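S.K.: My questions concern the predicted model and sequence given below.
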Amino acid sequence: MKQYEVKKPEALQVIDWDIEFHNIMLNDSERMKAFKKAIFEVVKEGDVVLDLGVGTGILAQWALEAGAAKVYGVDFNKTILDYAQQNPNLKKFGDNYIPIFGNSMNVELPEKVDVIISETIGNFADNENCVEYLKDARKRFLKQDGIMIPSQLKQFLVPVCSPEVEKNIESAHLALPYFETVIPKRDYVAQPQLVNTFSFIESDQVDYTKNLSFECLTSKKITGFKGWYRAQLSPLVILDSEITFEDSSWNNFYFSKQVELGEGETTLDIKITRNNNMYSFEQVTK
Ligand SMILES: C[S@@+](CC[C@H](N)C(=O)[O-])C[C@H]1O[C@@H](n2cnc3c(N)ncnc32)[C@H](O)[C@@H]1O
């Protein structure tokens, strides 16, 4: 995606992702390199693995190639689950690959697993609902000493001055809760802030309200907020979506909100709320 181009966020239409979008993900070289490295680092000979959101089956395939005895591949998109089953690189593992149709929240597994792999990461970390899914999966499916890929997910936010994005939203007549775009660092109006760190444990909040305080450059007008994620896939592998590349499947999260600072003021206090997978931003005046 080109800088400042805008589109409807993929995160708002996960259930409808077709093979075309899966191919974009399969061609995202950073994503593929990172997950492959993490899987070969973590999965050990004989492990039982869950691939939550198996899609075309590439991560399940790598887990089996790394020595997994068995991989359960769960997906709520039947078309893509069936497509994975035809993948010859998975087929060759025979019954060691077990496809399961359904939302992970509603399925049962016949045993606990050593590793849960999941690429259900949204471009703003939790906007594909992975925190709820992975908390549930860890609790119900992971062995006591089991490992998650990713093990941790961080969520970042920064106010930006991006009039080009606003122009593109306006000319495309897009009315959406938030947008997908690409915003360079030169548009940042302040230092980015960490919103949440998720480890998929009981204390992780799926919905939340967070207060953030930014020290801003007064010379710049704030048009909205850019968001992204940083994922610790394994002890050695981190994947980050702040900077995107030509072949990236994740673009930046953009929440359009014009914010005015008072004369001479530099501090911007905001309250971000997530409720039922929707976000709202409010300026807090002190
Ligand atoms: C980003 S794609 C990743 C596909 C594949 N694992 C890969 O890395 O190429 C996420 C997949 O997870 C599925 N998915 C998301 N949340 C799910 C859930 N809670 N239960 C089952 N499938 C889910 C989607 O249908 C989609 O196929």
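M.R.: That came in fine, so what should we check first?
S.K.: wait, isn't Ala11 in contact with Ala125?
M.R.: No: Ala11 is beyond contact range of Ala125, at 10.3 Å (criterion: Cβ atoms under 8 Å). The C-beta positions use only the backbone N, C-alpha and C, and glycine is treated the same way.
S.K.: Who has more neighbours out of those two?
M.R.: Ala125 (25 against 19; other Cβ atoms under 10 Å).
S.K.: residues contacting the more buried one?
M.R.: By Cβ atoms under 8 Å, 6 or more residues apart in numbering, the contact set of Ala125 is 131, 153-155, 196, 198, 227-229.
S.K.: just Ala84 next, same as before
M.R.: Applying Cβ under 8 Å, 6+ apart to Ala84 gives the contacts 54-57, 60, 73, 75, 90, 99.
S.K.: got a winner among those residues for most neighbours?
M.R.: Ala60 (30 neighbours).
S.K.: Quick check, Asn103 in contact with Phe76.
M.R.: Yes: counting by Cβ under 8 Å, Phe76 is a contact partner of Asn103 at 4.6 Å.
S.K.: More neighbours: these two, which one.
M.R.: Neighbours of Asn103 and Phe76, each counted by other Cβ under 10 Å, are more numerous for Phe76; the result is 17 against 13.
S.K.: Could you pull up the residues touching the more buried one?
M.R.: Neighbours of Phe76 in contact, by Cβ under 8 Å, 6+ apart: 15, 101-104.
S.K.: Give me the buried entries from those.
M.R.: Burial of these was assessed by neighbour count (16 or more other Cβ atoms under 10 Å); the buried members are Ser104.
S.K.: Quick check: which of the contacts of Phe76 are also close to the ligand?
M.R.: Under the cut-off given by Cβ under 6 Å from any ligand atom, the ligand has 103-104 from the contacts of Phe76 close to it.
S.K.: can you put the contacts of Phe76 in JSON lines and add pLDDT, distance to Leu268 and secondary structure?
M.R.: Formatted as JSON lines, the contacts of Phe76 follow (pLDDT from 0 to 100; distance: Cβ to Cβ, whole Å; DSSP: H, G, I helix; E, B strand; the rest coil):
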{"residue": "Ile15", "pLDDT": "87", "distance to Leu268": "36", "secondary structure": "helix"}
{"residue": "Phe101", "pLDDT": "98", "distance to Leu268": "46", "secondary structure": "strand"}
{"residue": "Gly102", "pLDDT": "98", "distance to Leu268": "43", "secondary structure": "coil"}
{"residue": "Asn103", "pLDDT": "98", "distance to Leu268": "38", "secondary structure": "coil"}
{"residue": "Ser104", "pLDDT": "98", "distance to Leu268": "38", "secondary structure": "helix"}
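S.K.: Closest one to Gln205 out of the contacts of Phe76, please.
M.R.: The shortest approach to Gln205 among the contacts of Phe76 belongs to Ser104, at 19.3 Å (Cβ to Cβ).
S.K.: I figured the closest one hits Val54, correct?
M.R.: No: counting by Cβ under 8 Å, Ser104 sits too far from Val54 to count as a contact (10.2 Å).
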